[in-house]
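Colleague: need a structure here:
(2 chains)
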Number of protein chains: 2
Amino acid sequence: MARVIEDTVGAFVPGPRIELAGAPSGPLAGLDFAVKDLFDVEAAPTTYGNPDWARTHPVAVASAPIVVALLQAGASLRGKTKTVELAYGLTGENVWHGTPVNPAAPDRFPGGSSCGSAAAVGAGLVDFALGSDTGGSVRIPASYCGLFGIRPTWGAVNLTGACGLGPSFDTAGWFARDAATLRRVGDVLLPAAPAASLGPLIKVQEAWVNALPTVAAALSVALSATERVAGPVLSLNLVPETLDATYENFRHIQAQEAWATLGAWIEATQPQFGPGVGERFALAKVTDPARLAEARRFREVFRARVTGLLGSGAVLAYPTSPVPAPRLETPPEGQQAVRERTLGVTAIAGLAGLCEVTIPAARVDGLPVGLSLVAAPGRDRALLAFAENVAAALGIG
Amino acid sequence: MARVIEDTVGAFVPGPRIELAGAPSGPLAGLDFAVKDLFDVEAAPTTYGNPDWARTHPVAVASAPIVVALLQAGASLRGKTKTVELAYGLTGENVWHGTPVNPAAPDRFPGGSSCGSAAAVGAGLVDFALGSDTGGSVRIPASYCGLFGIRPTWGAVNLTGACGLGPSFDTAGWFARDAATLRRVGDVLLPAAPAASLGPLIKVQEAWVNALPTVAAALSVALSATERVAGPVLSLNLVPETLDATYENFRHIQAQEAWATLGAWIEATQPQFGPGVGERFALAKVTDPARLAEARRFREVFRARVTGLLGSGAVLAYPTSPVPAPRLETPPEGQQAVRERTLGVTAIAGLAGLCEVTIPAARVDGLPVGLSLVAAPGRDRALLAFAENVAAALGIG
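Modeller: Here you go, the predicted model:
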């Protein structure tokens, strides 16, 4: 606790810094971490990125169990980090608390909704940070900021004491600057699982075509460099319905869940929102039941097909985000286009309940882009070990 | 799913039965289970035992991850079970849904707040059932109904998708009719842990003195019978401050947390409550901050002392409840006296964050009474195995 952290990138929520010393010994002893401000920390407010949320909710009476687990494992909490309001956005913008700076590209968005956690790790303020991922909120900022990140299998990590957005998609994930730290945090937070060997790698064609050609090219080169440790890379078409279908079906289910989870509070409080957030909730309020039912049927069929494919240990590989971090001055319609193109890919793991690790495998015009490795539900520990080997092969260990 | 379950004891919430088939194979294949109606099951209402709660909350958009984990492990959900309103009570009474019958003593309370889950398991409707335990809500109905039950280490089992009462005490627990089933469910729901050997058994004197002499005598005989497998039983005074102190300090923290968690909804909704529940929330609203701070300090000191004592593997042993199930006609002041005497004991594990298994080790005047085995935080798996050995030694395996 001796080191004083200067928040050079605006990663932490405004106000007094929330710090808690970790246990003197344990598997994470000596590491510092930060927590997205939608997880409870005892006696601290949980703002969920929105002043009206903070105003209408009492300070937390207990820390989220995963925060306690990290403290007991020896890691020290160094602050609570900014989130997109109610976690409902992918750029990382927060007009109330200030958008964190992307340490890898200061004139571009950090990605969200776990923007402050990504910025804090990217700037070296802490060793790792907790985020949450419903539609890409760990994976996208990890890709934009050049970090390792994980969206675990849905249900694998305890979300008690965390604000919800889309319960059937919500997961707790985390960021680190190296694959070993990412794995060590998983050793503490993930459930036990039988050992599993993973492979082969399979390129999901639709996601590579969906990415900018420069992104696809840079990541293809990186992927080829992994063949030494991961074997030959295969490829297939996973989504004959197209990524428009994964996006649209994901969007309808998530919107309905977001309104079911937060609509009553929004109606009662009439909160102020920054750009885009209120509009998304207004759309979420009016989900068509027939379209929702169709989306749920799509999810069932998609999940069965994909988990069947991955049952033997195959690992999907594709660009985490189709684009590097967009410029801060990107207009709303440009942001929306990126959002739709991004969610079509991130929805693969979301709809099928897969675990996904993103690796900062390449740069395009100096901007980081992530390579995603995606495995069957429950293979999180094996996937983190696999990602460690891949990162080593890429020389970014 | 072929078997039709007739609800002979009023265990399930009124309305359509919520059933979901488990996976065809898995470690719990072939077992039926029920879920306390404060855990979400996709597309079903979560009543939390109160009609106004049900009316003001949408149907669940996703199942709680632990329900999904049980289904994936092969167990089939056969229904949602009654709970005391907002889980705030120990008798098991619910005037809206009807108090479930205690299958072991039909003229007595089933115990609560997980009353329906205990009744369902006790009557043989299902093989096991999920409950929750904040102040004793699994342990007490298990003792009253003659069942095995576990309150796991706080934070060890995922409470996502469960309604909260006192976040720093809330745990998900479960009931079974035999120790092996109790342990098998733990194999699915509990985090990995290094193997640990437990012992010796230590009687907590205050809790034995606090119990009715007939209860203490019957359970002492049972405890002696375990020496063959568990070694000699020691004894000590654990709470020199007396059980009034554990009760009072627990009560103040829990009350403040209950109001912080549910007060805003109560103020906004002005719900109707059955006897006692509204009164407890009215008291919860006015916790004295200075007394609360003192209670939190007590908890810190108590937790450090007890977890230190148990660090080497020692297991505390005492009567789970000081009394057998009270008669249904017990007047309110008699119920309150039982409540206070009970919470002084159940607060030991609550305040110190211990794991506790209760075993139906004896009967008094034909009524079941439970023996609690209590271990250090994180020793849940070892404790379940230990309890299996103890149960076998008692011939109730």
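
Colleague: okay, CA-based contacts and neighbour counts for the rest of this
Modeller: Noted.

Colleague: So which residues make contact with the helix or strand of chain A with the lowest mean pLDDT?
Modeller: Each helix and strand of chain A was given a mean pLDDT (mean pLDDT, DSSP states H and E); the minimum falls on helix A:227-230 at a mean of 84. Applying CA atoms under 8 Å, 6 or more residues apart in numbering or on different chains, the external contacts of helix A:227-230 come out as A:199-201, A:233, A:389-390, A:393.

Colleague: Pull that helix out as CSV, backbone CA atoms only.
Modeller: The C-alpha trace of helix A:227-230 is given here as CSV (Å, rounded to 0.1, in the frame of the first residue of the first chain):
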residue,chain,number,x,y,z
GLU,A,227,1.2,-23.0,-35.5
ARG,A,228,4.4,-24.2,-33.9
VAL,A,229,2.7,-24.6,-30.5
ALA,A,230,-1.0,-24.9,-31.6
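
Colleague: and the residue nearest to residue A:261 when sequence neighbours are not counted, how many neighbours?
Modeller: Computed as CA to CA, 6 or more residues apart in numbering or on different chains, the closest residue to residue A:261 that is not its neighbour in sequence is residue A:165, at 6.3 Å. Counted by other CA atoms under 10 Å in any protein chain shown, the residues lying close to residue A:165 total 24.

Colleague: Repeat that for residue A:304.
Modeller: Summarising burial for residue A:304: neighbours were counted as other CA under 10 Å, giving 11.

Colleague: Report the distance from the helix or strand that contains it to the chain centre.
Modeller: In this structure, residue A:304 is located in helix A:289-310 according to DSSP states H and E. The offset between the C-alpha centroid of helix A:289-310 and the centroid of the whole chain comes to 22 Å, using CA atoms, centre = their mean, to the nearest Å.

Colleague: for stretch A:252-260, same thing?
Modeller: Relative to its parent chain, stretch A:252-260 has a centroid offset of 18 Å by CA atoms, centre = their mean.

Colleague: repeat for stretch A:260-277
Modeller: 22 Å.

Colleague: show me what contacts the residue nearest to residue A:261?
Modeller: Residue A:165 makes contact with A:86-88, A:134, A:257-258, A:261-262 under the criterion CA under 8 Å, 6+ apart.

Colleague: re the thing from before, can I get the helix or strand just after the helix holding residue A:304 in PDB? Just the C-alpha atoms.
Modeller: Heading C-terminal from helix A:289-310, the first helix or strand you meet, by DSSP H and E, is strand A:315-319. Written as PDB, here are the backbone C-alpha positions of strand A:315-319 (Å, rounded to 0.1, in the frame of the first residue of the first chain):
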ATOM      1  CA  VAL A 315     -10.600 -23.500 -30.300                       C
ATOM      2  CA  LEU A 316     -12.100 -20.800 -32.400                       C
ATOM      3  CA  ALA A 317      -9.900 -17.900 -33.500                       C
ATOM      4  CA  TYR A 318     -10.900 -14.600 -34.900                       C
ATOM      5  CA  PRO A 319     -10.300 -10.800 -34.600                       C
END
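
Colleague: can you list the weak-confidence ranges in the stretch 51-200 of chain A?
Modeller: Along the stretch 51-200 of chain A, no part satisfies pLDDT under 70.

Colleague: Would you mind listing what in it touches chain B?
Modeller: Taking CA under 8 Å from any CA of the partner chain as the criterion, the stretch 51-200 of chain A approaches chain B at residues A:58, A:61-63, A:65-66, A:154-161, A:167-168, A:190-192.

Colleague: Can you pull the residues of the stretch 201-350 of chain A lying near chain B?
Modeller: The stretch 201-350 of chain A has residues A:257, A:260 near chain B, with proximity defined as CA under 8 Å from any CA.

Colleague: quick revisit: what about the contacts of helix A:227-230, which are in strands?
Modeller: A:201, A:233 (DSSP state E).

Colleague: Which members of the contacts of helix A:227-230 are classed as buried?
Modeller: Among these, those classed as buried by neighbour count (16 or more other CA atoms under 10 Å in any protein chain shown) are A:199-201, A:233, A:389-390, A:393.

Colleague: Columns distance to residue B:209 on top of the residues you listed, output as a markdown table?
Modeller: As requested, those are exported to a markdown table (distance: CA to CA, whole Å):
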| residue | distance to residue B:209 |
| --- | --- |
| A:199 | 61 |
| A:200 | 64 |
| A:201 | 64 |
| A:233 | 69 |
| A:389 | 59 |
| A:390 | 62 |
| A:393 | 65 |
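
Colleague: returning to that earlier point: next, the angle from the helix holding residue A:304 to strand A:315-319.
Modeller: Our comparison of helix A:289-310 with strand A:315-319, counting by axes from the mean of the first three to the mean of the last three CA atoms, to 10 degrees, yields an angle of 120 degrees.

Colleague: Any buried residues in helix A:289-310, and which?
Modeller: The neighbour-count criterion (16+ other CA under 10 Å) identifies A:292, A:295-296, A:298-299, A:302-303, A:306-307, A:309-310 as the buried residues of helix A:289-310.

Colleague: Which single one of these is nearest to residue B:52?
Modeller: residue A:292 (27.1 Å; CA to CA).

Colleague: was I right about that closest one contacting residue A:252?
Modeller: Yes. Here residue A:292 reaches residue A:252: they are 5.8 Å apart, a contact under CA atoms under 8 Å.

Colleague: Quick one: list the elements packing against the helix or strand hosting residue A:369.
Modeller: Here residue A:369 is covered by strand A:367-375, with elements defined by DSSP H and E. Applying 3 or more CA pairs under 8 Å, 6 or more residues apart in numbering or on different chains; DSSP states H and E, one finds that strand A:367-375 contacts helix A:139-145, helix A:213-224, strand A:315-319, strand A:355-364, helix A:380-393.

Colleague: Give me whichever of the ones you listed is most buried.
Modeller: Per-stretch averages of neighbours, counted by mean count of other CA atoms under 10 Å in any protein chain shown, single out helix A:139-145 among the helices and strands packed on strand A:367-375, with a mean of 34.

Colleague: Can you name the residues in contact with that one?
Modeller: Residues outside helix A:139-145 that contact it (CA under 8 Å, 6+ apart) are A:90, A:92, A:102-105, A:109-115, A:118-119, A:122, A:133, A:148-151, A:175, A:320-321, A:324-325, A:357-360, A:367-371.

Colleague: Measure how far that helix is from the centre of its chain, please.
Modeller: Taking the mean of its C-alpha atoms, helix A:139-145 sits 8 Å from the chain's own mean (CA atoms, centre = their mean).
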